[in-house]
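Student: the sequence isn't on hand, but the structure is:
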């Protein structure tokens, strides 16, 4: 989540960087589930982007949420840019184009994720509807050009906006036009982290296909089922991708630290200011050789911030983040944590999932990742369609959730949250293909109906 850390102890050794990540190790009894989702605000009249400023802008929306929730405001240079729940640990933050993100509190069950989501939607509606603001559950804005989208007043985004075009074709689109839903999960040891990282990296394309939901750009089909996923293929390859080295011998916390040390930095935060150090390495900073801060060494806070600017398909911080899914309408959101919890939080299922992917080569994993944005379930690996593997994964996840046996008030376990995904598998088509059918049929070649049908 985008709340910048505040531990300003200067770092002395690489071991401290490793220790910071290793501090995420938890007893399985303390495993939690964090779910983050982004949604695109739009004006109910005219379906336009919502500016930050003004009586009906994003700033006003955040002010209203602050009064309603009593959460702490996160301020930057006099602007409200987010909210933080001091007691529960949840947060609301802004993405560069105003995408509104709920970073859920760490909870024990998917039932609690669902409750948190329903409460959040009710609260957001209460404030947003009188302001004439609605929210869209798609992986990418379906009708606006880059130029139409307002810029949120956050220093880190200004730096990223300047740097992105130097390193990839789609970085600006990623920042301003995409939305994701993401699940954050725990590990019980270094070995457990490595196993979960490998399984979830290999299977991330499954989540991409199940959640593929970004087939439109600027009012027309863009040729992809998940254009959001395609965008990540050419955003900044120094900090994204499938991490083939994570499958090699010797993978662990130290190997991740060595990778992160060489990922180019974006910024260093000092007080309220973001210093542009884009393109420099954390390794040099660590040795006191950053040109913007000569002789100064990074703090733990700098390290935590830097780790949050690395964007592989699965990201390691003090937990693992599943990053492959498009944003979705609210009914499908709890399905993502349910899917990954079923696969990763039950040891039998985790073993079975590893058996499924252990013989895939780095090249095969990469080819699947490259094909899935365009072909969805029709992508292939070895001699199998992704569809068959997705079906198998869903079965495994279902079994894992049944064995976890976390029951709600009326006796249902968490496997019920997989129902939207089971419907997708039953019809054999990604959500994007359903949208394209509507576009070519009932919607008469217009994306405007999406603002009704895919709204929160």
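Tutor: Structure's in. What do you need? Treat the numbers as computed from the prediction; the structure is a model and nothing was measured.
Student: and the helix or strand containing residue 182, what does it pack against?
Tutor: Assessed by DSSP states H and E, residue 182 sits inside strand 180-185. Contacts defined by 3 or more C-beta pairs under 8 Å, 6 or more residues apart in numbering; DSSP states H and E place strand 180-185 against strand 33-43, strand 320-326, helix 335-344. C-betas here are computed from N, CA, C, even on glycine.
Student: partners of the shortest one, with directions?
Tutor: Same thing as strand 320-326. strand 180-185 (antiparallel), strand 314-316 (antiparallel) (DSSP bridges).
Student: if we can go back for a sec, what mean pLDDT does the strand holding residue 182 get?
Tutor: Confidence over strand 180-185 (mean pLDDT, whole number) is 98.
Student: just the angle between the longest helix anywhere in the chain and helix 335-344, please?
Tutor: Within the chain, and with DSSP state H defining each element, the longest helix by residue count is helix 190-210. With axes from the mean of the first three to the mean of the last three C-alpha atoms, to 10 degrees applied, the angle from helix 190-210 to helix 335-344 works out at 140 degrees.
Student: now tell me what touches the helix or strand following helix 190-210 from outside.
Tutor: Toward the C-terminal end, the helix or strand that comes next after helix 190-210 (DSSP H and E) is strand 216-217. The set of residues that contact strand 216-217 without belonging to it, under C-beta atoms under 8 Å, 6 or more residues apart in numbering, is 138, 140, 142-143, 222, 227, 435, 439, 447, 450.
Student: ok so, going back, reformat the helices and strands packed on strand 180-185 as JSON lines; add mean pLDDT.
Tutor: Conversion of the helices and strands packed on strand 180-185 to JSON lines gives the following (pLDDT from 0 to 100):
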{"stretch": "strand 33-43", "mean pLDDT": "98"}
{"stretch": "strand 320-326", "mean pLDDT": "98"}
{"stretch": "helix 335-344", "mean pLDDT": "98"}
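Student: is it possible to export the ones you listed to TSV including mean neighbour count and distance to residue 114?
Tutor: Supplementary listing: those in TSV, determined by neighbours: other C-beta atoms under 10 Å; distance: least, C-beta to C-beta, whole Å:
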stretch	mean neighbour count	distance to residue 114
strand 33-43	24	10
strand 320-326	26	17
helix 335-344	28	9
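Student: make a markdown table out of those and add distance to residue 94.
Tutor: A markdown table is the format used below for those (distance: least, C-beta to C-beta, whole Å):
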| stretch | distance to residue 94 |
| --- | --- |
| strand 33-43 | 10 |
| strand 320-326 | 19 |
| helix 335-344 | 21 |
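Student: residue 277: which of these is closest?
Tutor: Proximity to residue 277 (C-beta to C-beta) singles out strand 320-326 among these, at 23.7 Å.
Student: got the buried residues for the strand holding residue 182?
Tutor: If you call a residue buried by 16 or more other C-beta atoms under 10 Å, then strand 180-185 has these buried ones: 180-185.
Student: and what of stretch 155-162?
Tutor: Under the neighbour-count criterion of 16+ other C-beta under 10 Å, stretch 155-162 has 155-160 buried.
Student: now stretch 56-70
Tutor: Taking 16+ other C-beta under 10 Å as the criterion, stretch 56-70 shows 56-62, 64-66, 69 as buried.
Student: out of those residues, which two sit at the greatest distance?
Tutor: Across the buried residues of stretch 56-70, no pair lies farther apart than 56 and 69, at 19.6 Å, counting by C-beta to C-beta.
Student: packing partners of the longest helix of the chain?
Tutor: Judged by 3+ C-beta pairs under 8 Å, 6+ apart, the packing partners of helix 190-210 are strand 314-316, strand 320-326, helix 335-344, helix 347-357, helix 362-375, helix 386-404, helix 419-427.
Student: point out the most buried one among these.
Tutor: helix 335-344 (a mean of 28; mean count of other C-beta atoms under 10 Å).
Student: got a list of what residue 205 touches?
Tutor: With the criterion set at C-beta under 8 Å, 6+ apart, residue 205 makes contact with 324, 368-369, 372, 379, 386.
Student: kindly reformat the residues you listed as TSV containing distance to residue 405.
Tutor: As requested, those are exported to TSV (distance: C-beta to C-beta, whole Å):
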residue	distance to residue 405
324	27
368	33
369	33
372	32
379	34
386	30
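Student: now do the strands in the stretch 151-300 of the chain.
Tutor: Along the stretch 151-300 of the chain, counting by DSSP state E, counting those that start in this stretch, strands occupy 180-185, 216-217, 220-221, 240-241, 267-270, 273-276.
Student: output the below-cut-off pLDDT ranges for this protein.
Tutor: Low-confidence segments of the chain (pLDDT under 70): 1-6.
Student: most centrally placed residue in it?
Tutor: Ranked by distance to the mean C-alpha position of the chain (C-alpha atoms, centre = their mean), the top residue is residue 182 at 3.9 Å.
Student: list the beta-bridge partners for it.
Tutor: Beta-bridge pairing for residue 182 (DSSP bridges): residue 36.
Student: surely it and residue 37 touch.
Tutor: Yes - look at residue 182 against residue 37 with C-beta atoms under 8 Å: they come within range, at 7.4 Å.
Student: who's in contact with residue 372?
Tutor: Contacts for residue 372 were tallied using C-beta under 8 Å, 6+ apart; they are 205, 208-209, 212, 226, 229, 379, 386.
Student: residue 135 now?
Tutor: Contacts of residue 135 by C-beta under 8 Å, 6+ apart are 39-42, 100, 124, 128, 455-456.
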